[in-house]
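Asks: Got a sequence here, can you model it:
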Amino acid sequence: LYTIGILHLNRELDGQLRLEWFDDADGSRTGIDTNYAECTLGLNWHPYEFLEFRPEVRGDFAGAPAFGSGDVPRHRAQFTGGVSALLRF
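Replies: This is a model prediction of the structure:
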């Protein structure tokens with residue numbers, strides 16, 4: 001399941017929310033039989049018609065340990081952030 005919502009805060013700024021849920025039955029896609037969920041919050045700032053900045057924070061969650069480094073996953077959640085810039089021409 002996937003959904004996205006956008007709220008126009010003003011002429012130059014939009015707020016964004018994205019939610020996803022996935023059930024990996026029998027671990028056929030990831031190797032770990034569990035449910036996965038994701039939530040991303042972001043902004044879309046477009047000060048000019050040709051330029052956008054898009055910072056976001058994201059949380060990924062699993063019903064069983066599925067994240068981490070090494071051969072054995074140890075965490076049920078991970079958090080990331082990022083910024084992208086788009087230049088249209």
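
Asks: Would you check the distance separating the strand or helix carrying I6 from the middle of the chain?
Replies: Per DSSP states H and E, I6 falls inside strand 2-8. Computed by Cα atoms, centre = their mean, to the nearest Å, the chain-centroid distance of strand 2-8 equals 12 Å.

Asks: and it, which strands flank it?
Replies: Strand 2-8 has its sheet partners listed here by DSSP bridges as strand 13-23 (antiparallel).

Asks: Quick one: the strands in this protein, in order.
Replies: 2-8, 13-23, 35-48, 51-62, 77-87 (DSSP state E).

Asks: mind listing what's buried in the shortest one?
Replies: Residues of strand 2-8 classed as buried by neighbour count (16 or more other Cβ atoms under 10 Å): none. Placement of C-beta: from N, CA and C, glycine included.

Asks: Please work out the average pLDDT along that strand.
Replies: Averaged over strand 2-8, pLDDT sits at 97.

Asks: can you list contacts of that strand?
Replies: Around strand 2-8, the neighbours that count as contacts under Cβ atoms under 8 Å, 6 or more residues apart in numbering are D14, G15, Q16, L17, R18, L19, E20, N44.

Asks: For these, which single residue is the most surrounded?
Replies: N44 (19 neighbours; other Cβ atoms under 10 Å).
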